[in-house]
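1. Give the three-dimensional model of this entry:
(chains A and B)
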Amino acid sequence: MSARLCGPLQVDGSLSRGQGSHPWISDSGVWYVQIWVLENCSPLLTVFGARRGTHTQKVPLAACVHVCLAHVSRVQLGPPRWISFLGHVTEVYLVHLHASVYALFHRLYGMYPCNFVSFLRSHYSMKENLETFEEVVKPMMEHVRIHPELVTGSKDHELDPRRWKRLETHDVVIECAKISLDPTEASYEDGYSVSHQISARFPHRSADVSASSYVDTQNSYGNATSTPYSTSRLTLNTPGQLPQTLSSPSTRLLAEPPQATLWSPSAVCGMTTPPTSPGNVPPDLSHPYSKVFGTTGGKGTPLGTPATSPPPAPPCHSDDCVHLSLPQATAPKKEERTDSARPCLHRQPHVPNDRGLEELHGGKGSVTLSDLPGFLGDLASEEDSIEKDKEEAAISKELSEITTADAEPLVPRGGFDSPFYRDSLPGCPRKTLSASSSTQGTSANPEPLNSSLDKSGPDTPKQAFTPIDLPCGGTGESPAGNRERQASLEASILTPSPCKIPPQRGVGFGSGQPPPYDHLFEVALPKTAHHFVSKKTEELLKKAKGSAEEDFTPSASPMEVLDRLIQQGADVHSKELNRLSLPSKSVDWTHFGGSPPSDEIRTLRNQLLLLHNQLLYERFKRQQHALRNRRLLRKVIRASALEEHNAAMKDQLKLQEKDIQIWKISLQKEQARYNQLQEQRDTVVTQLHSQIRQLQHDREEFYNQSQELQTKLEDCRNMIAELRVELKKANSKVCHTELLLSQVSQKLSNSESVQQQMEFLNRQLLVLGEVNELYLEQLQNKHSDTTKEVEMMKAAYRKELEKNRSHVLQQNQRLDTCQKRILELESHLAKKDHLLLEQKKYLEDVKLQARGQLQAAESRYEAQKRITQVFELEILDLYGKLEKDGLLKKLEEQKPEAAEAAEERLDYCQDGCSDSVTGHNEEAPGRNGETKPSRPGGARGGGGGGGRGGGSSSELSTPEKPPNPRAGPFSSRWETVVGEPTSGTPTTVGSLPSSESFLGMKARELFRNKSESQCDEDGLTVGSLSETLKTELGKDSGVEARAPLTLDGPLLPAPKPDSVGQLRIMDYNEAQLEHS
Amino acid sequence: MTEDSQRNFRSVYYEKVGFRGVEEKKSLEILLKDDRLGILPPHHESHVQVMTYRKEQYSDVLHALKVIRFVSDATPQSEVYLYMHRLESGKLPRSPSFPLEPEDEVFLAIAKAMEEMVEDSVDCYWITRCFVNQLNSKYRDTLPQLPKAFEQYLNLEDSRLLSHLKACCAVSTLPYELWFKKCFAGCLPESSLQRIWDKVVSGSCKILVFVAVEILLTFKIKVMALNSAEKITKFLENIPQDSSDAIVSKAIDLWHKHCGTPVHSA
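-> Sure, this is the predicted structure:
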């Protein structure tokens, strides 16, 4: 046992070799802890991964992995001392350790392939670790397939916590299981786990191993990897009316294990099959990989190709198979035998392919093929395993019950047409198969059996449409048969160890002896004849198991090893117990087995603990699976509900379709009616159109008629107008004629009156004639006297007539002349008028001309006036300057204070003079100086005097001088510049008092008023009077000296007659001074 | 008179080339000799006599001024005209050093410009005098309204420019005195001034407005570039002389555009 265990681990050598204590395992407790940790690591990992993500655990994870692997390696290679020390006991630990490391390896690889692989790469690229890799890691790697993440994923992506968020713990476990090739670990859900089927099929072997493995491997591989495809293919291939595909989810929902689908191609083909086929593997093929390759190499490409070949490829093969198989299915039964070989061939490839590991275990014998359970069977059953199996079996049972329960109602619903029909039928056996396969490793053979059954029993449902099927091969029988067969197979092939299956299944179907039943069954169904043969061969192989066991390949799964160990332990235990047949083991042990080794109890306890640990682990796994199963069940229920709903919807759809048809019919009717109506409408429309056309035509005609009528009307109007014109003309004619008539009547009357007159005159003529005759008679009576007289009278008359005529002529001539004269005179008149006008114009012209000239002259005159004014101004200015200069000098002598006043006075005087120049009227106010507003010259006096520079010498003159020259120039200037008026004005004042009276009086009054107003202070009223007189006198200057003489004496003792103005000025100055 | 014939002789040639101003100059000459200003009566018979009157009047006044030593030979002709004018209107100051009144400056400016145009001093004096008299009498009411009219037409022609002026507060400070009282005397060269005054003498003082508007339009870019009212006024008071002929031509076009065809066309 130990040898076998160590074989794959290659611990034997090291175990025997090594000595001394290993630091890790110096204490078995520690060792145990380590194992415990490792064992718990993988579940924890999954939990962590699912719950929290892995970024936090990255480091511990790597460390953990490293430690574990290193540990294992060390245990294996490095220190064998402790092993030797521990002896057999350590092997148990090792097994546990291996199992746990294996589990950890699976978890790590399943969850973090990239990281893990990179870690492995980095770690085992080192030479010192190479050995460890070869010994430990490589075998483990043989149990896993290439993780898809290695292709698609990345290191960082793996560590993304989101990746695990949606997954439950059990989902993670399943994910990991998908990667595993280990049948104990692998999941059967998707197409990943091929190994299981293979392992399951393995026990069956057929003689014709030599069949081409190459094609078949591919086929099988394809089937395994792409279950959905294959299933769909199957459905397509079925001759019946099953167009619907068997979708992979549906299969999943029904918890169909992949191997079931694997079967299906062959089953569909109607080929007798597989179950036996695994048995076909010859003993040589049961060798490890390399050997297999070697054998198969001659026939075709090695197994590598299927592994590398893409999934789509296999389906093609399967298709081919189907093609082949379909005719075979219909072929006579003779051929079936030969046909059955083919399915066997199909299976063959699996053996070398995936079975490699198992083969390593089992060697050439059937034991290797029988997978772990088979191996374990050899190891004998242990309680733990039984319990475990029981649990699992219970779960599977539950599952199967549910699924069958689900499936059964589906059958009637869908009918043969429905996709479920097919599913449900094959589903049942599959479920059972899956249950059995998953639960017990030992029951690996059921599948082959199943396949064989598929040929006969399960196949029939699929071929239900063909006449060949067995109606009884339906739901009920096939599972039962399966199980029976399983049981029988188990019984026959596997060791007689008390496997769980027989009791469980056996009870269920009450088939205590499956072999006979099976045998009968096979006999009854010739299709399965080969099955019988294969079974036989398997039994034969089984006999050779012993030798095969020794050739155990190192690549056996640690889990299997552990299982075996446990089973072995159980077997040993039971054997011992049985042998001893004592109630208490411990007592027996000690009592009968002699003194047990000191550490026996301890090791046993440790083992117990380890087992318990394992149990806990497995229980945890179970719980997870239970969870998952429940979820799957929920899915199933939901799916069924959906199906029902779908059916209901279909019914509704049909109803609706009916409705639609009804509606369509009604629609057609309506359309027909509508068409009719439209036709009617069209006809009506056309009628109406024609009517309209007619009406339009009529209208046009009417229009034309109306136009014609209108033209006629216009013609008539024109005619009427013409007639009217004619009427008018006629009327006018009438009027004219009337007028003429009246004229004519007048004329008539005139003529009548003329006629009357004529008549009257005629009468008178007659009368006169008569008178004349009378006179003639008288005359004749008188005779000659009268003739003379008459002649004389005549002559006188003639003369008189001539005279008158000449007179008339004269008169006429005179008239003519007069008229001529008048005309002449008139023309003269006109001429004169014209002349007058011309004269006027000329006058105007001349006036204008004169006015222009006059204006020019006036402007010139104005200019001249301005010039003279300017000149006067200038002269006066100059005078003023001269006087001012003289006065200033005088005043300087007399009163320096009065100088300024005198100056002012001078200015005023000047003003007065200048005013007097402009006109006589201004004289009086000019004299009164102060009342008159001072002209600009006054203000200019000071500056102007200086400017003209006239008074520079006057300052030097004596005080006596100024009066004289002042008076002198004053008067002289007057005389020179103004000429005549200068002397005239003062004289007129005095000499012509009558003419000057008004002005003089006014001046006097003014002066008086002035003097009076000034005298109220001086009391010089008299003086002032005299002053006024004096001024008059002064002005008159000697022409009249009546009054002044009287007054002159007292007032002015020595006044000069010419200096009256001076005096006045002086007085005025005084008054001014006083006033101021 | 001799010049007149010369100008006539030239004008034929000018007209061929396409100068319009010549004819206007001629028409101004005619107008000046016409009674537009009232210097000569319409009757040719009296022309000689009136002219002698005018000449005598001129010489008298000049003589008077010389007598009172108001003017000397050194006195500029325009000032002489001014004093003569003042004397004739009775407003002669007592001294030549008396400060000038604004209207005197206007007279001076116009007299200066006229001096350039008319060679004979008598004619010059009379034309100046009558021109100023016309401005003071005939256009007394219309001249103050010209700034408003100017704004109005500027707004019509270029409202942006006006808004710019308004933004600079330069509207009120524009050289209206120079433009409308001095009739651009000293602002434009005499050659172009003649054409404007021609219109003014013939009775349209609105031409002044259009000349002002045209000046602004011509120097729009420069005016727009200036931001302060003072600068604008300064610039407008001293505008470059080279484009004055174009300005006047454009102004006349503008005048035609806004006021229709002129009253008289040569």
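2. dump the residue contacts of the residue of chain B found nearest chain A.
-> Closest contact between chain B and chain A, by C-beta to the nearest C-beta, is at residue B:41 (2.6 Å). Every residue, glycine included, has its C-beta placed from N, CA and C. By C-beta atoms under 8 Å, 6 or more residues apart in numbering or on different chains, the residues touching residue B:41 are A:848, A:849, A:851, A:852, A:853, A:855, A:856, B:35, B:47, B:50.
3. The first one touches residue B:45, doesn't it?
-> No. Using C-beta atoms under 8 Å as the test, residue A:848 is too far from residue B:45 to be in contact (10.3 Å).
4. Could you find the closest non-adjacent residue to whatever residue of chain A ends up closest to chain B?
-> Residue of chain A nearest chain B, by C-beta to the nearest C-beta: residue A:852 (2.6 Å). Setting aside the residues directly before and after it, residue A:852 is nearest to residue B:41 in space (C-beta to C-beta, 6 or more residues apart in numbering or on different chains), at 2.6 Å.
5. Would you mind giving the secondary structure of the one you found?
-> coil (DSSP: H, G, I helix; E, B strand; the rest coil).
6. Point out the residues in the stretch 51-200 of chain B that sit beside chain A.
-> Within the stretch 51-200 of chain B, the positions near chain A by C-beta under 8 Å from any C-beta of the partner chain are B:53-54, B:56-57, B:60-61, B:63-65, B:67-68, B:87-88, B:90, B:92, B:94-95.
7. So how do I select the buried members of these in PyMOL?
-> Selection of buried members from those for PyMOL, criterion 16 or more other C-beta atoms under 10 Å in any protein chain shown:
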select buried, chain B and resi 53+54+56+57+60+61+64+65+68+87+88+92+94
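8. Show only the entries of the residues of the stretch 51-200 of chain B next to chain A found in strands.
-> If you go by DSSP state E, these have nothing in strands.
9. Identify all contacting residues around stretch B:68-80.
-> Residues from elsewhere that reach stretch B:68-80, judged by C-beta under 8 Å, 6+ apart: A:870-871, A:874, B:62, B:65-66, B:83, B:87, B:92, B:96, B:108, B:111-112, B:115, B:121, B:124.
10. Let's see that with 10 Å instead.
-> Identification of contacts with stretch B:68-80 by C-beta atoms under 10 Å, 6 or more residues apart in numbering or on different chains yields A:867, A:870-871, A:873-875, A:877, A:948, B:61-62, B:64-66, B:81-84, B:86-87, B:92-96, B:100, B:104, B:107-115, B:121, B:124-125, B:128.
11. Which of these fall within helices?
-> Under the assignment DSSP state H, those contribute A:867, A:870-871, A:873-875, A:877, A:948, B:61-62, B:64-66, B:81-84, B:86-87, B:104, B:107-115, B:121, B:124-125, B:128 to helices.
12. Do me a favour and average the pLDDT over stretch A:676-686.
-> Here stretch A:676-686 scores 93 as its mean pLDDT.
13. just stretch A:152-162 next, same as before
-> 80.
14. next one: stretch A:853-872
-> For stretch A:853-872, the mean per-residue pLDDT is 84.
15. Could you pull out the buried residues of it?
-> Result for stretch A:853-872 [16+ other C-beta under 10 Å]: buried residues A:853-854, A:856-857, A:859-860, A:863-864, A:866-867, A:869-870, A:872.
16. could you say which helix or strand contains residue B:44?
-> Assigned by DSSP states H and E, residue B:44 belongs to neither a helix nor a strand.
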